[in-house]
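*Asks:* Dropping the sequence and predicted coords here.
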Amino acid sequence: MSPDHKYRILVVDDETSVLTTYRLILERQGYQVAACGTSREAIEAISRQDFDLVLCDYSLEEQHTGIEVIAAARKRNATVPAALLTGYATKETAEEAADQSIGVLYKPIEIEEFLATTASLLRREE
Amino acid sequence: MATAEMRFQPERSGGRRGGQHRSRATLRLLQAERSEEVFPLLLEEIVALGYPRAMVLEVNFDTGEVIPAAALKWPQQQMEKFSTALWKEEHPLASILSSARPAVFTGSVIHGHPVYVHPILHSSRSLCWEADRARATGCLAVQNFRREKRVRREEQVCPTCEMRGYAAVVVVELKRSNSEAGLAALGELIEVGNSFLSRLFKVEHYYVRMREMEITIARMGTVMQSMADPVVLTDHEHHMIMVNAAAEHFFKVPDEMSEGLVRAVELNNRLFSALLSSMLDSGGAYRDLTLVDAMEGEEKLFEAVSAPSFGPDGVRTGTVTVLRDVTDLRRADQELRDNYDKLREAEGTVRQERDRLNLIIENVGDPIVVCDREARLVLVDPLAEELFGPVQKKPRPAAQVKNQSTLNACISSFTGASGERATAPLRLYNPKLNQEIEYDARSGKIFDENGQVVYTVTVLRDLTALRRVEQLKVERRMLEIEKFAAAGRLAATIAHEVNNPLDAIKNAVYLLAGAVPESAQPVYGILRSETERVARIVRQMLGLYRNTEQVKPANLNTIIEDTLLLLNRQLQRANVEVICELRPVPDAVIAADQIRQVLSNLVINAKDAMPNGGKLRIRSRHVFSGADNLHGWARVLVADSGTGIPAEMIRAVFEPFVTTKGEKGTGLGLWIVKGILQNHTGRLSVRSKVGSGTVFKIDLPVVKP
């Protein structure tokens, strides 16, 4: 990839402090980050532009889930890589994620693991 | 022989000239040496006195007849008229014998000429020897001499010596010139002749007696010799008078005998003598005596039976001893006694065995039934009696009859089948619980020496009770697991609430890394590491929350494979070789997710214990150890080749917040493993050696076979 091309990553989390820190960590890595606090905002952002990676909290506002957001992103770009960030996942959730080729990162996430997973997902997209 | 029967004696040649010299006649009569010679001589002397003819008639005591015994110058045909019998009392001769006095008959019917008739009987002035020695007064000869008795057949027997006497009549035809003096002389001559006859008769009687005694002695000797038992006759000083052949073996010294045996015979004699003395002293008649057989050289045990012998005068003359060989008898007796003792001992053992068996049967606590080959009841324990009634045929309640027929069908088919053991379900009515109950009938066969079934033994296990207990166990286990899960949920809820702020803190700490001045670095270090630690604890607690699955039968091997698949990448990255040896195990009732966590904690621990890689062995199998579990255990071993756990720590590894991993560990992994296994009524143990590795052993109870 060309050096002037910056990967665009969508990060979604309903907790502002969590959202902000992930955005800052990813920006420090040189990625272009769009941070959204709700699924509605996220789906809006997806409708405006393409993303190279979607990282999304599982439980969002008003019973919405990260799966919906990823589904919306995949509608626009079927091969976009995605991962769920979650404190816990039931077996069903984990299976659903696996079925849809969605990675799962369990909070609290080791930063190194987070960065390695992110990088590998982006490489796969390429 | 001098008997009452005397032969007719013909007239002797050289007849006597008639001389009336009494002393001459007496001398001639003395020439008679035998009793039968007396009558002929007497008749001759009578005729020599000038009487025409004379005759003697004798009494046959057997028939009572009086018949001629000797006659001189008497024609044969005339003699017949004198024959008579004792009971013909009207006959002159019979009446003469009866009166025992001489008489003269003139012109009588018996003879044309007058006759002098003189009766004679065995008579003597002195007692016979026997009567004399016995000091008896009743001697036939003396009684006759005193003319106390009349002649009767039965009376002419001596009361002392039982000798039969004789009776006769001398008949003399008288001359024409008959005188009183002549008759007196004739009578006297006849009496003299009779006294000689009596004396000879007595001598001959003793001779006969002597011969009879000789015969008796010979017979007794034969009897004694022919006895197989030794018989010994001793005198009053215990000297042997007579021994039979059987006794000679022991008491007589033959010529060709060794010195030892001679001594044995001497000893035998001394022992015997001592025996007699002691018997005489104590008055006993039976005694045991051991003697050595001088011929065979072997010891024999005898029972001596002694009886005193007495002479005719009642004086003790010695002892007769019969020795009965009781060697074999006693040996047999001893053997019998020994066998009896053995028998009693064996019986005691058998009784003990039986009591012990009964005790066992009574304490089994399950109904036990013994049936014969026709499946008929032979033996029931009290519990089985409640179900089937007693063995003896009695009217039974309908329920017992039905139970019996159910049992009979089951046992019959088992008896006919080939197996030695069998288990079959039986539904029987239990009168105590007043309902039908399912039993597990376990049967075995007892064979005779020909391999035929003689009995079957059946133990009935109340499956309902057993299942109820099993069910209770499972329910309790599920409750425990549920409680644990609830606690986990609570922990997870808290953790979840903590999780997002913690995630933000952790990210913030990371972002601050470059902006912290040098002076604040130590504090920043603490902030970072402690945040990491809290993160790990929260992660572990969240793990519990994930276990909300239902408890149900599941297979451990499947769970092991799932867990290894999940962790495969991690293990590969850590350079750990996995060796999996899974044997078939029955299902266990478990919460699969919890057990997955148990395995995953153990596998990750193993991986962490091998920082430079190594071997991880996982084995599973079905084991039966410990009596409390009906269907055994599913066992899993997780073994690593890692650093091992120091001995001082091994007890503590299952405590919370104890870790060997330093900063990296939470100290919760094994505590959670232990908790989960406790809730599953499982077992957990660990063996470890520093430098070689650690083995964790997990047992989970199997619910179904």
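*Replies:* Sure thing, it's come through.
*Asks:* Correct me if wrong: residue B:30 contacts residue B:193.
*Replies:* No: contact status for residue B:30 versus residue B:193: not in contact, 10.4 Å apart, counting by CB atoms under 8 Å. Any C-beta I mention is one placed from the backbone N, CA and C, and that applies to glycine too.
*Asks:* so what's residue 97 up against?
*Replies:* Looking at chain A here, since you left the chain open. Contact criterion CB atoms under 8 Å, 6 or more residues apart in numbering or on different chains gives A:67, A:84, A:89, A:103, A:104 as the residues in contact with residue A:97.
*Asks:* Actually, chain B is the one I wanted.
*Replies:* When contacts are taken as CB under 8 Å, 6+ apart, residue B:97 is in contact with B:59, B:66, B:86, B:119, B:151, B:167, B:169.
*Asks:* State the phi and psi torsions of it.
*Replies:* In terms of degrees, to the nearest 10, the main-chain angles of residue B:97 are phi -60, psi -40.
*Asks:* Need the pLDDT of it.
*Replies:* Taken from the predicted model, the pLDDT recorded for residue B:97 is 83.
*Asks:* Could you measure from it over to residue B:460?
*Replies:* Taken as CB to CB, to the nearest Å, the spacing of residue B:97 relative to residue B:460 amounts to 110 Å.
*Asks:* same question, residue B:565
*Replies:* Residue B:565 is 48 Å from residue B:460, by CB to CB.
*Asks:* cool, and residue B:51?
*Replies:* For residue B:51, the distance to residue B:460 (CB to CB) stands at 128 Å.
*Asks:* how about the helices in the stretch 401-550 of chain B?
*Replies:* Counting by DSSP state H, counting those that start in this stretch, the stretch 401-550 of chain B forms helices over residues B:463-512, B:521-545, given from the N-terminal end onward.
*Asks:* I'd like these as TSV, with mean neighbour count appended.
*Replies:* Converted to TSV, those look like this (neighbours: other CB atoms under 10 Å in any protein chain shown):
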stretch	mean neighbour count
helix B:463-512	17
helix B:521-545	17
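*Asks:* how about a markdown table for the ones you listed, with mean pLDDT added?
*Replies:* Supplementary listing: the helices of the stretch 401-550 of chain B in a markdown table, determined by pLDDT from 0 to 100:
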| stretch | mean pLDDT |
| --- | --- |
| helix B:463-512 | 78 |
| helix B:521-545 | 78 |
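*Asks:* Reformat those as CSV; add distance to residue B:272.
*Replies:* Compiled in CSV, those are given as follows (distance: least, CB to CB, whole Å):
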stretch, distance to residue B:272
helix B:463-512, 83
helix B:521-545, 109
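*Asks:* With distance to chain A as extra columns, can I get those helices in CSV?
*Replies:* Shown next, in CSV, are the helices of the stretch 401-550 of chain B (distance: least, CB to the nearest CB, whole Å):
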stretch, distance to chain A
helix B:463-512, 3
helix B:521-545, 4
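*Asks:* which bits of chain A sit near chain B?
*Replies:* Among all residues of chain A, those adjacent to chain B (criterion: CB under 8 Å from any CB of the partner chain) are A:13, A:15, A:17-18, A:20-22, A:24-25, A:28, A:87-91, A:106-111.
*Asks:* Report the buried members of those.
*Replies:* A:13, A:18, A:20-22, A:24-25, A:87-89, A:106-111 (16 or more other CB atoms under 10 Å in any protein chain shown).
*Asks:* where's the helix or strand hosting residue B:118 relative to the chain centroid, distance-wise?
*Replies:* Assigned by DSSP states H and E, residue B:118 falls within strand B:115-121. Relative to the mean C-alpha coordinate of its chain, strand B:115-121 is positioned 84 Å out (CA atoms, centre = their mean, to the nearest Å).
*Asks:* Also stretch A:71-84?
*Replies:* The mean C-alpha position of stretch A:71-84 is separated from the chain mean by 9 Å, CA atoms, centre = their mean.
*Asks:* which residues sit in contact with whatever residue of the stretch 251-400 of chain B ends up closest to chain A?
*Replies:* With CB to the nearest CB, the shortest gap between the stretch 251-400 of chain B and chain A falls at residue B:366, namely 45.3 Å. Contacts for residue B:366 (CB under 8 Å, 6+ apart) come out as B:383, B:459, B:460, B:461, B:462.
*Asks:* same thing but 6 Å
*Replies:* B:459, B:460, B:461 (CB atoms under 6 Å, 6 or more residues apart in numbering or on different chains).
*Asks:* what about the first one, neighbour count?
*Replies:* The one in question is residue B:459. Number of residues near residue B:459 (other CB atoms under 10 Å in any protein chain shown) recorded here: 20.
*Asks:* do the second one as well
*Replies:* When neighbours are counted by other CB under 10 Å, residue B:460 registers 21.
*Asks:* That one contacts residue B:367, correct?
*Replies:* Yes: counting by CB atoms under 6 Å, residue B:460 does reach residue B:367; the two are 4.4 Å apart.
*Asks:* Let me see the backbone angles for residue B:72.
*Replies:* Dihedral angles of residue B:72 (phi, psi; degrees, to the nearest 10) stand at phi -140, psi 130.
*Asks:* Contacts only, for the closest residue to it other than its chain neighbours.
*Replies:* Sequence neighbours aside, residue B:43 is the residue nearest to residue B:72 in space, at 4.0 Å (criterion: CB to CB, 6 or more residues apart in numbering or on different chains). In this structure, residue B:43 makes contact with B:54, B:70, B:72, judged by CB under 6 Å, 6+ apart.
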